[in-house]
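> model the structure of this input:
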Amino acid sequence: MSSGKNVLLLSDATGETAEKMVSAALTQFQHDDAQVTRVSNVRSKNQVYTALDKAAQQQAMVIYTIVNRDLSRLVHEECSAMGLISVDILTPLLVRLSDFLGTTPNETPGLLHNVDDDYFRRIDAIEFTVRNDDGQETRFLNKADIVLVGVSRTSKTPLSMYLAHRGWKVANIPLVSGIDPPEELLNMQHNRVCGLIIKAERLVELRAARLRNLGQDPRTAYAQFEQIDDELQAAKKFFRRQKWAIVDVTGKAVEETANEVLVKLKMI
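Below you'll find the model as predicted:
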């Protein structure tokens, strides 16, 4: 371990979920020398004593997720006796749920792991999608489950975020006249890419509204019908040439559009 601050994470299961929670919390601090050590499958008193002896040597903070009340209490008491700062992530939640549900917990290690994995899978998808919004980062395009492509104001971002909340890693790439699409996009498997189109008349309205909101003249070429119609026709030809699925977003709720994207990409 380094000479910086140490955090010891004890879990009676894998500890992956708790480690992600701790890592997420640490990102809120400008402290790059905090070291997190995870000890998994802690299910006996001897394991607790061994882990806490190491924590004492390092004066580490102890964070633990142990559903067995006796072991959890042991960790709390030993940390208090050793003068170690400790945080019990799970017991307060179990107590509150027990009061609310009127029943006692099973105290089965790892029982919540699958639920937590699903939750953190969605969090990972959202983080990926935010980083890869509007063509910001194309190096990791091949890691996307879905790539949405379209001209400006075809609902790429809201659609991406909706799909991300359902657990899909989504990137979206804008098509801009006069600018070649990134090479990474052209190398994508065609069954992971969906082109978005919209009726020209509706796109005129959307772009004009955007310009007004920005305090700009809505009569610029960006919001002119002829310019928009040319962009959309070029986009359609490009999508067909790449053999990508095409979805028309005109007048559709984001939920409806998302479902159509998943169906056309054969993901549901």
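
> let me know the next secondary structure element after the helix or strand of the chain with the lowest mean pLDDT.
None of the helices or strands of the chain scores lower by mean pLDDT, DSSP states H and E than helix 113-131, at a mean of 76. Scanning forward in sequence from helix 113-131 by DSSP states H and E, the next helix or strand is strand 146-150.

> buried residues in that next one?
Across strand 146-150, burial judged by 16 or more other C-beta atoms under 10 Å covers 146-150. To be clear about C-beta, it is placed using only N, CA and C from the backbone, and glycine gets the same treatment.

> and it, how far from the chain's centre?
A distance of 17 Å separates the centroid of the chain from that of strand 146-150, by C-alpha atoms, centre = their mean, to the nearest Å.

> what comes up buried for whichever helix or strand comes after that strand?
Past strand 146-150, further along toward the C-terminus, the next helix or strand under DSSP H and E is helix 156-165. In terms of neighbour count (16+ other C-beta under 10 Å), helix 156-165 has its buried residues at 156-157, 159-164.

> okay if I get the residues you listed as a markdown table plus distance to Leu211 and pLDDT?
Compiled in a markdown table, these are given as follows (distance: C-beta to C-beta, whole Å; pLDDT from 0 to 100):
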| residue | distance to Leu211 | pLDDT |
| --- | --- | --- |
| Lys156 | 18 | 96 |
| Thr157 | 18 | 94 |
| Leu159 | 22 | 96 |
| Ser160 | 23 | 95 |
| Met161 | 23 | 93 |
| Tyr162 | 25 | 93 |
| Leu163 | 28 | 95 |
| Ala164 | 28 | 93 |
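
> ok, of the residues you listed, which one's closest to Lys236?
Lys156 (15.9 Å; C-beta to C-beta).

> got a list of what that closest one touches?
Lys156 makes contact with 134, 148-150, 172-174, 196 under the criterion C-beta atoms under 8 Å, 6 or more residues apart in numbering.

> circling back to that earlier point, just flag the most distant two among the buried residues of helix 156-165.
Lys156 and Ala164 (12.2 Å).

> before we move on, back to that, in TSV, list the buried residues of helix 156-165 along with distance to Asn259.
Formatted as TSV, the buried residues of helix 156-165 follow (distance: C-beta to C-beta, whole Å):
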residue	distance to Asn259
Lys156	16
Thr157	18
Leu159	11
Ser160	15
Met161	15
Tyr162	10
Leu163	10
Ala164	15
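
> please enumerate the strands of the stretch 1-150 of the chain.
6-11, 35-39, 61-65, 86-88, 146-150 (DSSP state E, counting those that start in this stretch).

> direction included, what does the second one pair up with?
According to DSSP bridges, strand 35-39 forms sheet pairs with strand 6-11 (parallel).

> before we move on, back to that, which one among the buried residues of helix 156-165 gets closest to Arg241?
Closest to Arg241, out of all of these and judged by C-beta to C-beta, is Lys156, at 19.7 Å.

> ok, what's across the strand from the closest residue to the closest one other than its chain neighbours?
Nearest non-adjacent residue to Lys156, counting by C-beta to C-beta, 6 or more residues apart in numbering: Asn172, 3.9 Å away. Beta bridges link Asn172 to Leu148, judged by DSSP bridges.

> picking up where we left off before, any chance of CSV for the strands of the stretch 1-150 of the chain, columns mean pLDDT and distance to Ala221?
Converted to CSV, those look like this (pLDDT from 0 to 100; distance: least, C-beta to C-beta, whole Å):
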stretch, mean pLDDT, distance to Ala221
strand 6-11, 94, 56
strand 35-39, 93, 53
strand 61-65, 94, 57
strand 86-88, 92, 58
strand 146-150, 98, 18
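
> export these to CSV and tack on distance to Leu74?
Formatted as CSV, the strands of the stretch 1-150 of the chain follow (distance: least, C-beta to C-beta, whole Å):
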stretch, distance to Leu74
strand 6-11, 11
strand 35-39, 14
strand 61-65, 10
strand 86-88, 11
strand 146-150, 47
